[in-house]
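Colleague: Fold the stuff below for me.
(one chain, ligands or ions: 1)
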Amino acid sequence: MPIEIESPEQLGYGSIACNLAESSVSDAIYDDLGIDLGKLVLCYGDHLGKPELRELIASESEHIKAEDILLTAGAAAALFIVSTSLLEKTDHLVVMSPNYATNIETPKAIGCEVSYLELEFEQGFRPDLQKLRSLIRPNTKLISITCPHNPTGVMLTQTELEKIIQIAEEYNIWLLIDETYRDLSFGRKLPMGASLSEKVISVSSVSKAYGLPGIRLGWLITRSKALQQLFLAAKEQIFLCNSVVDEEIAWRFLLKKESFLPAIRAHVQVNFSLLENWISSTPELEWIKPEGGVVCFPRIISGSGIDINKFYISLNQKYSTYAGPGHWFETSRRYMRLGFGWPKKKEFEQGLKNISLALSESHTSE
Ligand SMILES: Cc1ncc(COP(=O)(O)O)c(C=O)c1O
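Modeller: Reported below is the predicted structural model:
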């Protein structure tokens, strides 16, 4: 299944009045980054990735070294490399659901057995660790989790994370942690998973937290030398090395990321406050409050008398407003993913008003 087939970038950003379907912060503008690529040589790059950039990423933890890091074309390529390198038809995977599509679709395409660790609204979208244990089989090769989570915005506690790592170690299973939203944790961010155990593979990128999805720069981290060799071989077969332009921009940006993050966080906070107030005054909706990232996954209350199809048609066609419908995540269309980091305040405010209008006009009696 193509990812987010009706996504705003496919429809054309210019054709949408209020875009609440995005899952990152506002896109950065190159000129605002204060980066001049000058005499950058447009050669093939280091196959693991620009050494200075890998050192910078590694410097966050004393347990991670530059050689543990493989730069990739976004987190998406890292996830693809992990699945295609590790999983075979005879293997079994346990993956959180719902999830970012690649975490599910690539393993499914490989044809391995897949079990879902379902995140239920009624359980606050928290993973049931007893359930996780019960899903493990003799051929389970990989557990795949996302934290902070897309589409719910829910985060694991450090204790939950440590318990999941313990399970992976106990059963000798690789644990993939998609940490793409880590720098957008509302409270204290969790340590990079790979810094806690050799069984953990961390994946992240500059797309979501910094608004740089257009440079396609992500990474995976593993302390297993054998695994890193496998992943490097896969990368070489797919795209050999990263774009040196992307690497250079990401490196120079990350060197001074602390000067960009306060404004990014302030913007997210302003929209988040609007969102909280709006949800509490919208009787047709209920939600689990997110703890990180820039998306949440509210749902239309069952029995609230809303014609779901009518709602989305009205929202998209009459109000030119987009949210991520539940079917993007193979779940009920009662759910919608709302992105509160990407739109400017005015667009976000108008988008919320438009959702309210579309809801009020979609009661089945009307
Ligand atoms: C959880 C998660 N992981 C990975 C990705 C891929 O992001 P990118 O390839 O831009 O780094 C996304 C994008 O939406 C995501 O939400």
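Colleague: drop to CA atoms for contacts and neighbour counts, all remaining ones
Modeller: Will do.
Colleague: any low-confidence regions in the stretch 251-366 of the chain?
Modeller: 365-366 (pLDDT under 70).
Colleague: Repeat the analysis, applying 90 as the threshold.
Modeller: Applying pLDDT under 90 to the stretch 251-366 of the chain flags the ranges 303, 364-366.
Colleague: could you pull out the strands for it?
Modeller: 285-286, 295-296, 299-300, 321-322, 324-325, 336-339 (DSSP state E, counting those that start in this stretch).
Colleague: Pick the most buried one from those.
Modeller: strand 295-296 (a mean of 29; mean count of other Cα atoms under 10 Å).
Colleague: ok, which stretches of the chain are helices?
Modeller: Ranges of helices in the chain, per DSSP state H, are 8-11, 51-58, 74-86, 102-110, 129-135, 158-171, 207-210, 225-238, 244-255, 257-280, 308-313, 345-360.
Colleague: Domain ranges for this protein, per the record?
Modeller: 8-23+260-360, 37-255 (automatic domain parsing).
Colleague: Mind listing what's buried along stretch 296-305?
Modeller: Within stretch 296-305, the residues that qualify as buried by neighbour count (16 or more other Cα atoms under 10 Å) are Cys296, Phe297, Pro298, Arg299, Ile300, Gly305.
Colleague: tell me which parts of this structure are close to the ligand?
Modeller: Residues of the chain lying close to the ligand (Cα under 6 Å from any ligand atom) are Ser23, Gly74, Ala75, Ala76, Tyr100, Asn150, Asp178, Thr180, Ser205, Ser207, Pro213, Gly218.
Colleague: rerun that using 8 Å as the cut-off
Modeller: 23-24, 73-79, 99-100, 102-103, 146-151, 178-181, 203-208, 213-214, 216-218 (Cα under 8 Å from any ligand atom).
Colleague: what about Ile238, how many residues close to it?
Modeller: Residues lying near Ile238 (other Cα atoms under 10 Å) number 11.
Colleague: go on, Phe186?
Modeller: Neighbours of Phe186 (other Cα under 10 Å): 17.
Colleague: list the contacts for it?
Modeller: Glu291, Gly292, Gly293 (Cα atoms under 8 Å, 6 or more residues apart in numbering).
Colleague: backbone phi and psi for it, please?
Modeller: Per-residue torsions, Phe186: phi -70, psi -40 (degrees, to the nearest 10).
Colleague: Quick check on the residues of the chain next to the ligand: which are buried?
Modeller: Using 16+ other Cα under 10 Å as the burial test, those include 23-24, 73-79, 99-100, 102-103, 146-151, 178-181, 203-208, 213, 216-218 as buried.
Colleague: Not counting stretch 87-102 itself, show me its contacts.
Modeller: 3, 76, 79-80, 103-104, 107, 110-119, 127, 132, 135-137, 139-146, 149-151, 329-331.
Colleague: Now do it: distance from first to last residue.
Modeller: End-to-end span of stretch 87-102 (Cα to Cα, to the nearest Å): 14 Å.
Colleague: what is the mean pLDDT for it?
Modeller: The pLDDT scores in stretch 87-102 average 96.
Colleague: Offset the numbering so it begins at 36, please.
Modeller: Noted, 36 is the first residue going forward, which turns the last one into stretch 122-137.
Colleague: quick one: buried residues of it?
Modeller: Across stretch 122-137, burial judged by 16+ other Cα under 10 Å covers 122-123, 126-137.
Colleague: which one of those is nearest Phe288?
Modeller: Of all the buried residues of stretch 122-137, Phe288 sits closest to Tyr135, with 25.4 Å by Cα to Cα.
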